[in-house]
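Here is my input; please provide its structure:
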Amino acid sequence: MADSTGTDTADSGSYVDGRESITAAPLPAHRDDWERKLLDHPNLLREMASEIGGPFHVLYPARVGRNIRAFHQAFATAGVVGAIYYGKKANKAACVVAECAAHGAGVDVSSTAELRAALAGGVDGTALMVTGPAKSDELLRLAVHERALIAIDSLEELDRLGALGGPARVVLRAQPPDSASRFGLRGDQLDLAVAQIDPRAIRLEGFSFHLSGYDYRPRAELAAALLDRCREARGWGHPVTTISIGGGFGVDYVPEAAWTAFRARLSPRWFHGGWEPKDLYPYHFPEPGARMLTRVLEHDGLARRLRREGIGLAVEPGRALLDRAGSTVFGIQGVKDLIAQGHSYLMLTADGTSLSLSEQWFDSEYLPDPVLWPPGPGTVTPTSVGGASCLEDDMISRRRIPLPRAARTGDLLIYPNTAGYQMDSNESAFHDLAIPPKVVLRDIPGDSYEWSVESRITAR
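Below you'll find the model as predicted:
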């Protein structure tokens, strides 16, 4: 059945033989129209799976463009000059970079390969921000050549940049107060850097920081505190115009009611082998993405203070720009019955491994429920999903998911909303299995799609 959000939900009355006691509470994901159309299509997923012959990721880049526009609108509504730098580490797909180029977003890169890929995707060098610790001389030289904005992480890095010669654009990364982070410059080091930089050789354009967690308040408060440093830097002759608050914009994966029920009832009885996650990513987030940016700008009048000082705000979202822009598809290559607490459940073996679906919240697993395709009649069946390797711990879903029917060999499992980090982080060709390719889905006339694997376009 479907709830008011259009997501699938399991009917608790359809359990048999008392298996509800060993089955995880459902966590159906929010679903966009493009996903519903894909799932409802009678053969498109099967055609993709047949041609690829293994697990694959589906990307719908139009959703990235929509997310970028929402961030632009948040800045415009607040009357603040804003810059968006997509955190490229969240997904390597070229189609995402192309959406950034098409919608006025820059790209945050941390390697020469990422920088070159962003340029190849149509992003101008001046729209790049180069971050990361202890950048190589090669990366610094390339950044200077392309007139990219460089986030300086240490005084030593600033010295190396100066020794390379050539005009450079920089922001100084501030270490958050009372932080044990290995990144950024302490307050006294920021003072030294501002005094040391020769405005004729290095253009200091502002300051940046990164915070863990997803609370908008400390981001707004640290940005406000850095306004004093902006004024001081201008006194040294630096044309400071920007504060970057980094990323960490929440994503709302599942409805609040489902998330609340899942957390309240969480039990080792739900998991294969009695395993239980040690920590949980906040899969429900009440004000995600651009709405969180709005809260940052509203907090304690930050937008007004930025306007008064003539300072713009930069953000470096990754996951938030990829929200609902992709899914991961596994084929089921084996099904077996197991017993837990006296009740039977299914263990599926997928045609990939747990490394094909990275979970960045370590000691956990990816929790939004997969969709079993094709749909069909049946009773709710507790189901865990293992990988195709010979390792006991190669588990994609340890929890027993309430699938709406018993899965069969040859069915597909579609894990939703995986574009942000889940596709590109821990991927590995273990056992010489291919890394799942990316399928790019685009709208065509007739309310249909065309899809491509890398550069090959196939009309469907």
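
can you confirm residue 339 is in a strand?
Yes. Counting by DSSP: H, G, I helix; E, B strand; the rest coil, residue 339 is found in a strand.

which residues sit in contact with it?
residue 345 (Cβ atoms under 8 Å, 6 or more residues apart in numbering). Where you see a C-beta, it was placed from the backbone N, CA and C, and this is true even at glycine.

Report the separation between it and residue 346.
11 Å (Cβ to Cβ, to the nearest Å).

Same question for residue 213.
Separation of residue 213 from residue 346 (Cβ to Cβ): 37 Å.

Which residue of these two possesses the greater neighbour count?
More neighbours surround residue 346 than the other of residue 213 and residue 346, with 20 against 10 (other Cβ atoms under 10 Å).

Give me the buried positions along stretch 201-215.
By neighbour count with 16 or more other Cβ atoms under 10 Å, stretch 201-215 contains the buried residues 202, 203, 204, 205, 206, 207, 208, 209, 210, 211, 214.

Break down the stretch 251-400 of the chain into its helices, ranges please.
256-265, 289-298, 302-309 (DSSP state H, counting those that start in this stretch).

quick one, which of those helices is nearest to residue 243?
Closest to residue 243 of the helices of the stretch 251-400 of the chain is helix 302-309 (Cβ to Cβ; 7.8 Å).

helices and strands around the closest one, which ones?
helix 216-235, helix 289-298 (3 or more Cβ pairs under 8 Å, 6 or more residues apart in numbering; DSSP states H and E).

Alpha carbons of the shortest one, as PDB, please.
Below are the C-alpha coordinates for helix 289-298, written out as PDB (Å, rounded to 0.1, in the frame of the first residue of the first chain):
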ATOM      1  CA  GLY A 289      19.100  21.300   2.000                       C
ATOM      2  CA  ALA A 290      18.200  24.800   0.900                       C
ATOM      3  CA  ARG A 291      15.700  25.100   3.800                       C
ATOM      4  CA  MET A 292      18.600  24.600   6.200                       C
ATOM      5  CA  LEU A 293      20.500  27.300   4.400                       C
ATOM      6  CA  THR A 294      17.600  29.600   5.000                       C
ATOM      7  CA  ARG A 295      17.700  28.900   8.700                       C
ATOM      8  CA  VAL A 296      21.400  29.700   8.700                       C
ATOM      9  CA  LEU A 297      20.800  33.000   7.000                       C
ATOM     10  CA  GLU A 298      17.900  33.900   9.300                       C
END
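
and that helix, what does it pack onto?
Using 3+ Cβ pairs under 8 Å, 6+ apart as the test, helix 289-298 ends up in contact with helix 61-78, helix 216-235, helix 302-309.

Could you list the residues in contact with that helix?
67, 70-71, 73-75, 77-78, 80, 214, 216, 219-220, 223, 245, 249-251, 285, 287, 302-303, 306, 313, 315, 317, 320-321, 323.

Return the members of those residues classed as buried.
67, 70-71, 74-75, 78, 80, 214, 216, 219-220, 223, 245, 249-251, 285, 302-303, 306, 313, 315, 317, 320-321, 323.

what's the burial count for residue 268?
Neighbours around residue 268, by other Cβ under 10 Å: 10.

To clarify, my last question referred to residue 299.
17.

Tell me the spacing between the closest residue to it other than its chain neighbours and residue 364.
Once flanking residues are discounted, residue 299 sits nearest to residue 220: 3.7 Å by Cβ to Cβ, 6 or more residues apart in numbering. Residue 220 is 29 Å from residue 364, where distance means Cβ to Cβ.

For the residue nearest to residue 299, list the residues it contacts.
Taking Cβ under 8 Å, 6+ apart, one finds 295, 296, 297, 299, 300, 302 in contact with residue 220.

hang on, the earlier thing: with respect to residue 50, which of the helices and strands packed on helix 302-309 lies nearest?
Comparing the helices and strands packed on helix 302-309 by Cβ to Cβ, helix 289-298 comes nearest, at 35.1 Å.

Any idea how many residues pack against residue 308?
10.

Give me the distance between it and residue 169.
Taking Cβ to Cβ, one finds residue 308 at 24 Å from residue 169.

Next: residue 311.
16 Å.

now residue 336
58 Å.

list the contacts for the closest residue to residue 105 other than its chain neighbours?
Nearest non-adjacent residue to residue 105, counting by Cβ to Cβ, 6+ apart: residue 84, 4.2 Å away. By Cβ under 8 Å, 6+ apart, the contact list for residue 84 reads 68, 71, 72, 100, 104, 105, 106, 314, 315, 317, 321.

Swap in 10 Å and give it another go.
Counting by Cβ atoms under 10 Å, 6 or more residues apart in numbering, residue 84 makes contact with 67-68, 71-72, 74-75, 100, 103-108, 127, 290, 293, 314-317, 321.

any idea whether it is helix, strand or coil?
Applying three-state DSSP: residue 84 is strand.

For residue 44, see how far away it is.
Residue 84 is 32 Å from residue 44, by Cβ to Cβ.

Just name the most buried of the helices and strands packed on helix 302-309.
Each of these was scored by mean neighbour count; the highest is helix 289-298, a mean of 21, by mean count of other Cβ atoms under 10 Å.

can you give me the mean pLDDT across it?
Mean per-residue pLDDT for helix 289-298: 98.

Need the helices of the stretch 251-400 of the chain in JSON lines (columns: distance to residue 227).
Output for the helices of the stretch 251-400 of the chain, formatted as JSON lines (distance: least, Cβ to Cβ, whole Å):
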{"stretch": "helix 256-265", "distance to residue 227": "35"}
{"stretch": "helix 289-298", "distance to residue 227": "14"}
{"stretch": "helix 302-309", "distance to residue 227": "5"}
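
and residue 230, which of those helices is closest to it?
Using Cβ to Cβ, the nearest of the helices of the stretch 251-400 of the chain to residue 230 is helix 302-309, at 6.4 Å.

Okay, angle between that closest one and helix 216-235 too, please.
10 degrees (axes from the mean of the first three to the mean of the last three Cα atoms, to 10 degrees).

How far does helix 302-309 sit from its chain's centre?
Relative to its chain's centre, helix 302-309 lies at 29 Å (Cα atoms, centre = their mean, to the nearest Å).

Noted, bye for now.
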